[in-house]
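Asks: with the input below, show me the fold.
(chains A, B and C)
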Amino acid sequence: MSELRLMKGNEALAEAAIRAGADAYFGYPITPQSEVIEYLMTERPEERTGMVVLQAESEVAAINMVYGAAGTGKKVMTSSSSPGISLKMEGISYLAGAELPALIVNVVRGGPGLGTIQPSQADYYQAVKGGGHGDYHMYVLAPASVQEMADFVSDGFEMAFKYRTPVMILSDGLIGQMMEKVVLKDEQKRLTDEEVAERYGDWATTGKKDRERNIITSLYLEPERMEQRVRRLMKKYERMEQEDMRYETIFCDDAEYLIVAYGSSARIAQKTVELARKKGIRAGLLRPITLFPFPTKPLNKLADQVKGVLSVEMNAGQMIDDVRLAIEHKVPAEHFGRTGGIIHTPEEILEALEQKIVKDGSIRHHTTREPSLL
Amino acid sequence: MTQEMIIAGFGGQGVLSMGKILAYAGMLQGEEVCWMPSYGPEMRGGTANVTVILSDDRISSPYLKVYDTAIILNQQSMDKFENAVKPGGILIYDPNGIVSHPTRKDIRIFRVDGYKLATEMGNRKVFNMILLGAFLKIRPVVTIKNVLKGLKESLPERYHHLLPLNEEAITKGMENVFPYDVEKALTAEHV
Amino acid sequence: MEVLDIIRPENQVFCKTKLMTDTTLTYCPGCGHGTAHNIAMEVIDELGIAEDTIGVAPVGCSVFAYDFMNVDMTQAAHGRAPAVATGIARIWPEKYVFTYQGDGDLAAIGTAETIHCCNRGENIVVLFVNNGIYGMTGGQMAPTTLPGMRTSTSPYGREIDTMGSPIKMSELVANLPGTYYVTRQSVHTHKHVRKAKKAIKKAFENTRLKKGLSFIEIVSNCNSGWKMTPNESNIWMEENMFPYYPLGDIKVNGKIKQVA
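Replies: Residues are numbered from 1 along each chain as shown, chains lettered A, B, ... in the order given. Purely as a prediction, here's the structure:
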């Protein structure tokens, strides 16, 4: 039965993992995401669905447990926050290199270094541009609500297995810590060992019954074979962009000025758009739901319509690079964002939009109409 | 209708759970709800606050600069949030421990002696429920029935025997919330 | 007896280990790795568990163990084999999971994973080949390099004052409640090979009985890294390695053996 609950983002994600039929979670505590493993430990998923939950000795160990378990063809995941994700990067590169499906959750906090435990979006580069070594990407989902924290678990696993790739849910302390109502999906049955062997026996370490042995590896010492492997990965990423790129537009139909924002910034910027429209500024919002693949084409198209673009991120300016590449200098694009764990207010964003993009005197005043909420 | 509020006080005053019960009650009546706490070391002994938003529409920003209502439970929060109330909005506070009282004339201000009443009731833990009662008297955004349901859901079963006491505290709060006259208070100060 | 009689199956006294692939071993001639691979695969074959066994290869000389061992294998990041094996063993509690690691992998970069995997008593077999040197990268100092021993990163001999003492992993992990069987073996003579194989067999039987972690250290030679002939290296091993790393069982059936 689907169920309506009031939950924190972190808790909703953990509950959704049990319901999505995840086979294992390996993690290590770090603020602001410790609720994930706390919730799982409290829920005893081992009894509910048979899901394994283990607190590892470090983030490094946790991601390598994920690597081993992902190699078996089962649904496995881990979660952490920024400094912990840095530690997992080696393992993530291995997962990508060995083409293993896995779900990694980053509830981002401010950095660099040990940083702060307050919300931030400063791990954008790390999530979409590699982070670990080598030519690879993750499929990156950016939830903007507690509902999406829950929904993206099953969506993420689906993508992980469709492309045999590590998938990241790039959240932040704000989405992780806040409570909203969430509709939880019905509990899915975990696949049986036989089903896993049947579906994924062509590559996974299910035991070499009635077949040749399988090897999980990312090591190809011959450059030609390594290049082949990289090409294969790149093909996969192209397909991702064609088939599974996701975004949302809000008030974009008649927009003259565009805000691009993801995750919690998109929520805040949505309020900015409402405030702007009350002032007669026709602002719209494009929210990338997948950060990789990035909604390059829709953004490029919107650049033909608007006069300027403001990239709003809780960082010193990272996604702005992709925004600028996407709009090909058709219109000016600027960045605005607070850092260090400070959350920008809708009013601050509006001020930035006016100063950096709309600029004095260039506002065309239209008959103000209340934006109808979606 | 959207109701955006902040509840702010010391950690341990039940700020977060008051917000949670409100959010839960809102959810039970089919509203969109959002509960966003301050978190981290500042919660330990320092100030704790939570933003609660109830709306019949999709909620945009969970993080706000201005609020329709502020429920204020200590001086630091008064300093921080008095000016964050929208003109025409509401400020409810417990005068216990407050040295500089609010001075704004463009908002409606109410007082409830929550700490004193809770002490009289013999259980200081119901302090937050008294404040909640006071708020609901002024802004009946959720029904008492749903609040009690929310309370039942958020309290572990071993505390369910305390439900009647909590209900009593809500009633106490509703009966003991009074408008605070800034003009009069300012004049009195000059006398 | 005619030649043809000799090659009849009933007269066969030795054959290639069935669970070793036909890939030519890439280890240096004289190295103990090949023998260690062989006996591990013989045991898995003899126990009839090849279809239910998953091995984890490390980083180091045995990084390519999966090219030779004909069972499902996962190649792990440097030092992380015990964590990778934990992941697999937790997912497949009914299967046989083993790691095959060298000293740099297990006792330096992966010490934390080793200790915690042992401490949790994961139901796996750890095969630890200790040759006191980093073989693959060209003979650098390992955590198990003996005092005074020359390597490319301790060219004047390992100085205890500045480089620390060689770490005795078996004694260390034997002290953790999670280990059920800890033993130190070698594979440089027939006698020792037979004993080591027996130990490995016992280890996989422990997995079957869900007894927890079995830790088999194999003290071995690295004639290339030690810059000796294979024979010299074995003699040197007996004279220098064995006194520091004495062979024999350290912990049996969950109980540490008292030194007589």
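Asks: show me which positions of stretch C:232-248 end up buried.
Replies: C:233-234, C:236-238, C:240-241, C:245, C:247 (16 or more other CB atoms under 10 Å in any protein chain shown). Yep, even glycine has a C-beta here, placed from its N, CA and C like the rest.
Asks: so which of those reach chain B?
Replies: Contacts with chain B within the buried residues of stretch C:232-248, counted by CB under 8 Å from any CB of the partner chain: none were found.
Asks: in helices only, show me the residues you listed.
Replies: Within the buried residues of stretch C:232-248, residues falling in helices by DSSP state H are C:233-234, C:236.
Asks: may I see these arranged in a markdown table, with pLDDT as well?
Replies: Below are those laid out as a markdown table (pLDDT from 0 to 100):
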| residue | pLDDT |
| --- | --- |
| C:Ser233 | 97 |
| C:Asn234 | 97 |
| C:Trp236 | 97 |
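Asks: any chance of a markdown table for these, columns distance to A:Glu194?
Replies: Formatted as a markdown table, these follow (distance: CB to CB, whole Å):
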| residue | distance to A:Glu194 |
| --- | --- |
| C:Ser233 | 48 |
| C:Asn234 | 48 |
| C:Trp236 | 52 |
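Asks: now stretch A:166-180 - C-alpha only, CSV.
Replies: Presented in CSV, the C-alpha positions along stretch A:166-180 are these (Å, rounded to 0.1, in the frame of the first residue of the first chain):
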residue,chain,number,x,y,z
PRO,A,166,26.9,4.4,-10.5
VAL,A,167,24.1,6.9,-9.9
MET,A,168,24.3,9.8,-7.5
ILE,A,169,21.4,11.5,-5.7
LEU,A,170,22.9,15.0,-5.1
SER,A,171,20.9,16.4,-2.2
ASP,A,172,21.9,18.8,0.5
GLY,A,173,21.4,19.4,4.2
LEU,A,174,18.3,21.4,3.6
ILE,A,175,16.4,18.7,1.7
GLY,A,176,17.9,16.0,4.0
GLN,A,177,16.8,17.7,7.3
MET,A,178,13.5,19.2,6.4
MET,A,179,10.2,17.4,6.8
GLU,A,180,7.4,17.4,4.2
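Asks: that stretch near chain C at all?
Replies: No: shown here: stretch A:166-180 not in contact with chain C (CB under 8 Å from any CB), separated by at least 13.9 Å.
Asks: ok, that stretch near chain B or not?
Replies: Yes: residues of stretch A:166-180 contacting chain B under CB under 8 Å from any CB: A:173-174, A:177-180.
Asks: please, a ChimeraX command that selects the buried ones among the residues you listed?
Replies: If you want just the buried ones from the residues of stretch A:166-180 next to chain B in ChimeraX, going by 16+ other CB under 10 Å, the selection is:
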select /A:173,174,177,178,179,180
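Asks: quick check: residues of chain A near chain B?
Replies: A:4, A:6, A:31-32, A:117-118, A:173-174, A:177-181, A:264, A:267-272, A:274, A:343, A:345-348, A:373-374.
Asks: buried subset of those?
Replies: A:6, A:31-32, A:117-118, A:173-174, A:177-181, A:264, A:267-272, A:274, A:343, A:345-348, A:373.
Asks: what helix or strand is residue 88 on?
Replies: Assuming you mean chain A. Secondary structure from DSSP states H and E places A:Lys88 in helix A:82-97.
Asks: wrong chain, I was asking about chain B
Replies: strand B:85-93.
Asks: and for C:Arg90?
Replies: helix C:81-91.
Asks: same question, A:Ser79
Replies: Going by DSSP H and E, A:Ser79 is in strand A:76-80.
Asks: now the helices for chain B?
Replies: Counting by DSSP H, the helices of chain B are B:15-28, B:75-81, B:114-121, B:127-138, B:144-154, B:163-175, B:182-190.
Asks: poorly predicted segments of the chain, please.
Replies: Going with chain A. Along chain A, the parts satisfying pLDDT under 70 run over A:1, A:360-374.
Asks: let me rephrase: I mean chain C.
Replies: Looking at chain C by pLDDT under 70, you get C:1, C:259-260.
Asks: please enumerate residues in contact with stretch B:93-102?
Replies: B:71-75, B:78-79, B:82, B:91, B:109-116, B:131, B:180, B:182, B:185 (CB atoms under 8 Å, 6 or more residues apart in numbering or on different chains).
Asks: filter these down to the buried ones and hand me the ChimeraX line.
Replies: In ChimeraX, a selection of the buried entries from the contacts of stretch B:93-102 looks like this (16+ other CB under 10 Å):
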select /B:71,72,73,74,75,78,82,91,109,110,111,112,113,114,115,131,180,182
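Asks: now do the SS call for residue 144.
Replies: This is for chain A. When classified by DSSP: H, G, I helix; E, B strand; the rest coil, A:Ala144 comes out as coil.
Asks: meant chain C, my bad for not saying
Replies: coil.
Asks: count of neighbours near it?
Replies: 27 (other CB atoms under 10 Å in any protein chain shown).
Asks: for it, what are its contacts?
Replies: Going by CB under 8 Å, 6+ apart, the list of residues near C:Thr144 reads C:103, C:107, C:130-132, C:166-167, C:169, C:245.
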